[in-house]
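Participant: fold the following.
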Amino acid sequence: MKNKKLIIKYSLVLLLVFSQGISARMYQWIEADTGSTQLSGKPPMWYRSALSGPRVFVFDNGRLIDDTAIEVDEEVRQQLRQRAFVLVEEDQQKAKDKLAKSLELKNKYVKDKPKKPELEALEEMPVVDTTDDGLIVDEDVVDEQDTENTVDELRKLITEWEEAQTESAKKALEQ
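Facilitator: Okay, here's the model as predicted:
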């Protein structure tokens, strides 16, 4: 039993150290103040640091690759922490590069495309929407209602996903 846990521990560490995929990496922990599960694409500040913090599960492409409840030696801990934050910086730089490229393409497209006079007039007109009973509805109110419904649906999906991931992580740790 002890050898099996040791093998799992080092397998997780090696997998994390040598993994290259960063696009699907998720960090999950339970917020102590609220009791709610938090998900993030970047590690929390206390991840594998000398400071204590809530337990963090790290998933990559849906697989558990690290659990801060598993103790590792100091050198491995520092490597895991450094790698996690380097990946965040690389992701941020890639996002900035993509944004710059998209803005460049947008500016080129807008500059090259002549506007038609009737389209310019339409763009300046306010948007008015009506409900089924013919009442005029303010667009901002509709957006807020849609946003609230969407947020509720997303919260429900995330809760279901969290429960499934927690069960999966518990099974993986028990084996």
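Participant: nearest spatial neighbour of Arg77, skipping sequence neighbours?
Facilitator: Setting aside the residues directly before and after it, Arg77 is nearest to Arg48 in space (CB to CB, 6 or more residues apart in numbering), at 5.1 Å. The way it works is simple: take the backbone N, C-alpha and C, and place the C-beta from them, glycine included.
Participant: three-state assignment of the one you found?
Facilitator: At Arg48 the chain is in coil, as set by DSSP: H, G, I helix; E, B strand; the rest coil.
Participant: so what's it scoring on pLDDT?
Facilitator: Note on Arg48: pLDDT of 88.
Participant: show me what contacts it?
Facilitator: Counting by CB atoms under 8 Å, 6 or more residues apart in numbering, Arg48 touches Val56, Thr68, Arg77, Gln78, Leu80, Arg81, Ala84.
Participant: list only those of the residues you listed flagged as buried.
Facilitator: Buried residues within those, defined by neighbour count using 16 or more other CB atoms under 10 Å: Val56, Thr68, Arg77, Leu80, Arg81, Ala84.
Participant: what's near enough to touch the last one?
Facilitator: Going back to what we said before, that points to Ala84. Listed by CB under 8 Å, 6+ apart, the contact set of Ala84 reads Lys42, Pro43, Tyr47, Arg48, Val58.
Participant: burial count for the second one?
Facilitator: What it means is Pro43. Using other CB atoms under 10 Å, Pro43 has 23 neighbouring residues.
Participant: what's the answer for Gln38, then?
Facilitator: The number of residues packed near Gln38 is 15, by other CB under 10 Å.
Participant: so how far is Arg55 from it?
Facilitator: According to CB to CB, to the nearest Å, Gln38 stands 12 Å off from Arg55.
Participant: which residues do the two both contact?
Facilitator: Trp29, Ile30.
Participant: the contacts of Arg48 in helices, which ones?
Facilitator: Using DSSP state H, the members of the contacts of Arg48 that fall within helices are Arg77, Gln78, Leu80, Arg81, Ala84.
Participant: can you redo those as TSV with pLDDT and distance to Lys106?
Facilitator: Shown next, in TSV, are the ones in helices among the contacts of Arg48 (pLDDT from 0 to 100; distance: CB to CB, whole Å):
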residue	pLDDT	distance to Lys106
Arg77	86	44
Gln78	87	42
Leu80	88	39
Arg81	86	38
Ala84	86	33
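Participant: hang on, the earlier thing: from the contacts of Ala84, pick the one nearest Ser102.
Facilitator: Relative to Ser102, the closest of these is Lys42; by CB to CB it sits at 21.7 Å.
Participant: excluding its backbone neighbours, what's nearest the closest one?
Facilitator: Setting aside the residues directly before and after it, Lys42 is nearest to Val88 in space (CB to CB, 6+ apart), at 4.4 Å.
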